[in-house]
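Trainee: predicted model and sequence below, questions to follow.
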Amino acid sequence: MPAARRAALAVIAGVAAAVLAASLAAGAGTPAPGAAPAGSVSDAAGASAARVVFTEQERARILQYAPLGPLPADPTNALADDPRAAALGQRLFFEARLSPGSFSCASCHVPPHAFTDGKPVSEAIAKGRRRTPSLLNVAYRRWLFWDGRKDSLWSQALSPIENPVEMGGNRLAVVRLLASDAELRGAYEDLFGALPELDDAARFPPAARPAPFGASGATAMDAIGASSATGATVAIPAAGAIDPLAAAWLAMKDEDRLAVDRAFARVGKALEAYERRLVGRGSPFDRFLAELRAGGDGASLPEPAKRGLRLFVGRANCRVCHSGPELSDGEFHDVGIPPGPGAAVDSGRYGGIDELLADSFNARGPHADAPPSPAADKLRGLRRQPEHWGQFKTPSLRNVAVRPPYMHQGQFASLRDVLKFYSTREGALPPGPAQERLLVPLHLTDEETDDLIAFLESLTDAPLDDALLFRPGDPQTPAHHAP
Amino acid sequence: MSRAAVIGVAVVLSAAAGIASGIRAAPGTPPGPPPVSADSGHPAPGAPRARAAAATPVPAGVTLGPLDEPSAVAMAPGGAILVAEAGASRVAVFDRGGRLLRRWGRAGDGPGELRRPRGIAAAPDGRVYIADSGHHRILVFSAAGSFEKSWGRFGEAPGEFHEPLGIDVDARRVYVADARNNRVQVFDREGRFLLYVWSYGIREGQLDRPVDVAADGDGAFYVSDQGNSRIQKFDADGKFLASWGGWGPYPGLLAEPGGLAVREGRLLVADTHNHRVQVFGAPGAALGVWDDEALGGAASAARAPGAPRAARAQSEGSAGRAPEPIDLAPLPSGDGIVFCDAGADACRIVMGGPAAPHGSSARSMTSTARAAALSGSTLVVAAGSAGFLALDVAGTQPVVLGVFGGYGRDALQFVRPAGAALDLQGDAVLVSDGGNYRLAWFDLKRAAEGPLRYEAARTRFVRSIFFGDEEALVFGPIKWTLAPALLEPGPIARDARGLTYILDTLYGRIVVLDAGFRPVRSWGAHGEGAADFLDPVDLALAPSGEMLYVLDAASGRIRAFDREGRALFAWGRLGAGREGFSRPTSLAVAPDGTVLVADRAGRIRRFSARGAPLGGWGRAGAERGALDHPERVLAGASGRAFVLDAGGRRLQAFSASGALLWDLDVIEAALEARRARTAAIAAATAGGRTAPPAVPATAALTGLEASACPRRIASNAGGYTVCWGASIEPFPHNAPFSLDVSVYDAARPAAPAEMVALTVDAAMPEHGHGLVQQPVVRAIGPSIPKEKLPDHALVHGAAVGNGRFEVQEMRLHMPGRWEIYFDIGRGAVIERAQVEIPLD
């Protein structure tokens, strides 16, 4: 098209964009009349009529985002960045013998699928109660699990191993496995020193673990007679029935339990060392941010994504919770999402805080390699309040587009469904005393929804190094139990 | 320093305030089988009423009523149902099918006679133990109802009681929830004192108004810790075992629970203000629930949001009312429960087991809050657990001005608020927060738009005084000369000169404080004498401020005093007929000096300033225009009356002749007022501001260098100056930073204030939430020896120092408008300074 006409259109588009931006900055919430509709195509060359030019306020808000910085230190795990620990951890990640049902971590945290399983709630020995979180960039999380009941990655890794509806294992069996497998034993003892001697059957039962934490309402014991993926029936004690694993654990001596716990914790620490390497880089959004910081106008980001970003930091108010390099504040909110296929009653953070403070593997416990400095002590000042009920962790939005379904019980199958919920608030739970008050129906148009999705898709990182995605030693073998 | 200062003070007990539970009139017959107790007198013991053939099966739900304030229910070993009727001071006995068998017990002051029995238990051998909250004693009757023995009297020594509300009996021991003494006492079956659990507070093992107790069969016992909305378990020796619950509408949480019962290792809890009965297994495990639908009320969720409850009550009769279970007993067969509904004046047998835990009663949460105040045309009223609602009542319909506060123990929250007073010149509200043992003063911030509109999010907590710590009161700067020192503030009145008259429900006296919370005088005590009160429930000032009226529910008398506390005259009595009250609950004085008295039976009576009767109006009922157990009355100009009834849920306005002008569901209105702001908040957050405003310095302060005081704010009442600075500025998003804080007495800025306690908090008032972690405050400078630290400061987590503090773990995790609060405490008085931080 003639250059003059193109330039004229650019000017008109710029004016329209400025009017639109000004109306948003004033909080009016609807596009100014006369602004070109989003997504309009104005000429044969396909250039959109409305180029996004960010206002100063939008720019300031956008520049509050940044690529993920260096990994935060984990003082509770001395070997968190040790490559040998990471190698052992990677091997353990794919180790199906940790579970009587032959599940490994990779069964639900499937590496090629963003380290999650694509199911609304986890399904291993039995159906779980919540969505399997993705492990991409997991090392940056302040709290682990939807309810924040773990404060370190290594202690989190231990939880699914013993969960009766997930891997169904127990720490005695785990330590015995390490002792009996020469390679694992060698790798472990290289890093951590000798394993405890488990020969004395009177002191060390074949299988034992503490009772699952009960007071939080976790119904780990309520699935009965489920079958594992291989068809074997695995019996789970019914609620109220005696738990033989817990009984065996209680019968052990204190120092023996401590020795087993120490070894078990180290298994988690090796797993953490591996998981700390699962860091994504190179998303289009990060490229765009770099351009903006260098003084450019971020031309690499497509216009729809820019429009979506404008909504994200503007009237859609997404940035209020999805802030910071992770695009999550790392904290907990109740946004009124109706329950899905998981547990009908889920106390969220309320139960999580109790469990965290009682956890012997937390940062203040005997298995943390070094207590956090007072400034880094996350548990200090943590106090459960009634408003924590029903709060769940703000998920990071990095790589969000590649890991449906969404929310803590996988209630929404697609990003479009998520946006429809925020747009209409249809089906939202009646507000409790402490629900987020910002949540009004956004009334997004279809184009605005498309734009937001385009922005969210720009948060997808480049694929990870292949070497991290498979069991070590078998580079081309897909992970055990990949769906 | 021992906690004894807070708890174990010699308490000369007042009579019961008696408003622990919402009380509502029976709205008529609910659908289902007709009520079965149509008798009018005292049937001969042992003579059952004739009934239809026994071949008819027991229906799914059977209502036992109408009953006169049914407060407690127990199962006799033979399967009979025993109900304690507090209003009639007697016991009603029903059979398993709900047929009334007989009544026994007699109101009076003699041996074996009752006054407001609120707890009942049946021993394994059939004897019946009754907790008499009016006489503050325990009575034992045979299974047939003949009096055997009693023990106890008003007091705080072992074996004495102050409003015993709950009781349980096992083979060997008797357990009594001694509510106003904040303790549980354990006796042997003959009444010999064995042990008690006695500690007021919010920590584990401490109690705040225990209203019931249940033995688990092995000597251990559960306590319904109503003020803390939780259950606690103690072993046979009274040692703390477990505590769970906490306030909230969700499964496993409780809202000011009532009675308990144990069946086969499970604990059943009457979760009164969540309108449900919950079942717990191992401590904390919520196993099941009978929600309000299962208990026989229409599901509150079915109500259209915004529809005034009273309006629905008119169209649907009783169907719109949510039950308020105050006590319960499991049926021995295990296939149901019987519970007493405080609002319906009836008990009900519910067949069937509990459902799985589910849902939330957030929309229908009521509470024990019963405070209201009127000044000019501005009315504030406690709206359940939603805080306080402010209304303009000048016009033909009420206009909602705003809502502030909520339920809890923080500065802008309340537990059992019993009174309020307005000071419209200063746009201030004084709230008598009984459950938090404090008087708190708030500024209502007028909104920019509109002539009279209060910005809920900018309501400021200014100053409060805590009445629960004797040491802090006596040794603090207030020069607290009151003896006894403690008090539990009930209704209040304020005169034009700033004097506040407080009805102390702990000691049954009137306490007068000046504007600085200093005691000016006090008079009265618990007792039957001419200068004493038995059960004072309300007070009101004459318009001139020269006379104070006090209403005593136990005698039905209104007593008038002058400002110095000298008795002037009195009138009124209990009794039937036009001249007597049945149970008066509230009084108010109109601008023209006439006195209004509300009676629980549903009448408003008018008197001249000297007590001459001027008539009255009102009829009992739940429909609009009727009075459903009125609990608070306010008197406006031109003879207008405003009545809070229906369990604190409904406010109605009447003309001088008793014609209904309007009615309002106050809880619904408060929730709606909160909701209506949401869109504006969302837009404001989206819009935001690019740069925070420059923080203005206050006027130059002699003796304080600017460099020593980077940021300077005055406390909301002007008593302190706070200098503060942050380790990172501008404040980072969602990253920790610390603050340096120095506190100065405004009158003596030369050096930091000595012996002050500081807590620091922050909140986003528009969003309705605060920090995710409590900041840690540390005093800087030579540490103060522990013996010198005031107890209450330690209880509430403050740091105590000589004016200089460091605050760590500050983290503002969301963008928007934050307020940072510096709560400075000295002695029993806390004052707030605050600063606004917009974070974009």
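Mentor: Perfect, I can see it now.

Trainee: those helices in the stretch 401-550 of chain B, which residues are they?
Mentor: Remark: helices assigned in the stretch 401-550 of chain B by DSSP state H, counting those that start in this stretch are B:470-475.

Trainee: which residues of it score low on pLDDT?
Mentor: Applying pLDDT under 70 to the stretch 401-550 of chain B flags the ranges B:425-426, B:447-453, B:456.

Trainee: could I get the full set of strands for it?
Mentor: In the stretch 401-550 of chain B, the segments counted as strands under DSSP state E, counting those that start in this stretch are B:406-407, B:413-414, B:417-423, B:428-433, B:438-443, B:460-466, B:489-494, B:500-504, B:509-513, B:519-523, B:536-541, B:547-552.

Trainee: likewise chain A?
Mentor: Using DSSP state E, the strands assigned to chain A run over residues A:332-333, A:392-393.

Trainee: which one of those strands lies closest to chain B?
Mentor: Chain B lies closest to strand A:332-333 among the strands of chain A, at 7.4 Å (C-beta to the nearest C-beta). To be clear about C-beta, it is placed using only N, CA and C from the backbone, and glycine gets the same treatment.

Trainee: so is the closest one next to chain B?
Mentor: Yes - using C-beta under 8 Å from any C-beta of the partner chain, strand A:332-333 reaches chain B at residue A:332.

Trainee: before we move on, the earlier item: dump the strands of chain A to CSV, plus distance to residue B:818 and mean pLDDT.
Mentor: Converted to CSV, the strands of chain A look like this (distance: least, C-beta to C-beta, whole Å; pLDDT from 0 to 100):
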stretch, distance to residue B:818, mean pLDDT
strand A:332-333, 16, 94
strand A:392-393, 22, 96
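
Trainee: would a markdown table of these with mean neighbour count be doable?
Mentor: Listed next are the strands of chain A as a markdown table, based on neighbours: other C-beta atoms under 10 Å in any protein chain shown:
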| stretch | mean neighbour count |
| --- | --- |
| strand A:332-333 | 23 |
| strand A:392-393 | 24 |
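
Trainee: tell me the contacts of residue B:128?
Mentor: Contacts for residue B:128 (C-beta atoms under 8 Å, 6 or more residues apart in numbering or on different chains) come out as B:74, B:76, B:82, B:91, B:120, B:121, B:122, B:140, B:141, B:142, B:143, B:145.

Trainee: which among those count as buried?
Mentor: B:74, B:76, B:82, B:91, B:120, B:121, B:122, B:140, B:141, B:143, B:145 (16 or more other C-beta atoms under 10 Å in any protein chain shown).

Trainee: measure the second one to chain A for me?
Mentor: The one in question is residue B:76. Here residue B:76 is placed at a distance of 30 Å from chain A (C-beta to the nearest C-beta, to the nearest Å).

Trainee: pLDDT wise, what is the residue nearest to that residue when sequence neighbours are not counted at?
Mentor: Among residues not flanking residue B:76 along the chain, residue B:122 sits closest, at 4.6 Å (C-beta to C-beta, 6 or more residues apart in numbering or on different chains). Residue B:122 is assigned 97 on the pLDDT scale.

Trainee: can you check residue A:78 too?
Mentor: For residue A:78, pLDDT reads 96.

Trainee: could you do residue B:226 as well?
Mentor: At residue B:226, the pLDDT value in this model is 97.

Trainee: is it true that it touches residue B:256?
Mentor: Yes - using C-beta atoms under 8 Å, residue B:226 is in contact with residue B:256, at 5.2 Å.

Trainee: what stretches of the stretch 201-350 of chain A score poorly on pLDDT?
Mentor: Using pLDDT under 70, the stretch 201-350 of chain A drops low at A:214-242.

Trainee: need the residues of it near chain B, please.
Mentor: So the stretch 201-350 of chain A meets chain B at A:214-215, A:217, A:240, A:314-317, A:319-321, A:323-324, A:329-332, A:344-345, A:347, A:350 (C-beta under 8 Å from any C-beta).

Trainee: mind checking which of those are buried?
Mentor: When these are checked for burial by 16+ other C-beta under 10 Å, the buried set is A:214-215, A:217, A:314-317, A:319-321, A:323-324, A:329-332, A:345, A:347, A:350.

Trainee: can you tell me which of the buried ones among the contacts of residue B:128 is nearest residue B:188?
Mentor: Closest approach to residue B:188 among the buried ones among the contacts of residue B:128 (C-beta to C-beta): residue B:140, at 12.1 Å.

Trainee: from chain A, how far off is that closest one?
Mentor: Using C-beta to the nearest C-beta, we find residue B:140 at a distance of 37 Å from chain A.

Trainee: got the contact list for that residue?
Mentor: In this structure, residue B:140 makes contact with B:127, B:128, B:129, B:130, B:147, B:148, B:149, B:150, B:191, judged by C-beta under 8 Å, 6+ apart.

Trainee: please, which helix or strand holds it?
Mentor: With elements taken from DSSP states H and E, the one containing residue B:140 is strand B:137-141.

Trainee: neighbouring strands for that strand, and are they parallel or not?
Mentor: Applying DSSP bridges, strand B:137-141 is found paired with strand B:128-132 (antiparallel), strand B:147-151 (antiparallel).

Trainee: what about dumping the CA coordinates of it to PDB?
Mentor: C-alpha atoms of strand B:137-141 as PDB (Å, rounded to 0.1, in the frame of the first residue of the first chain):
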ATOM      1  CA  ARG B 137     -26.600 -22.400  91.500                       C
ATOM      2  CA  ILE B 138     -27.000 -26.100  90.700                       C
ATOM      3  CA  LEU B 139     -30.200 -28.000  91.600                       C
ATOM      4  CA  VAL B 140     -30.700 -31.700  91.700                       C
ATOM      5  CA  PHE B 141     -34.100 -33.300  91.200                       C
END
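
Trainee: how far out from the middle of the chain is it?
Mentor: 28 Å (C-alpha atoms, centre = their mean, to the nearest Å).

Trainee: likewise for stretch B:573-591?
Mentor: In terms of C-alpha atoms, centre = their mean, the centre of stretch B:573-591 is found 23 Å from the chain centre.

Trainee: between the two ends of that stretch, how far is it?
Mentor: Taking C-alpha to C-alpha, to the nearest Å, stretch B:573-591 runs 25 Å from one end to the other.
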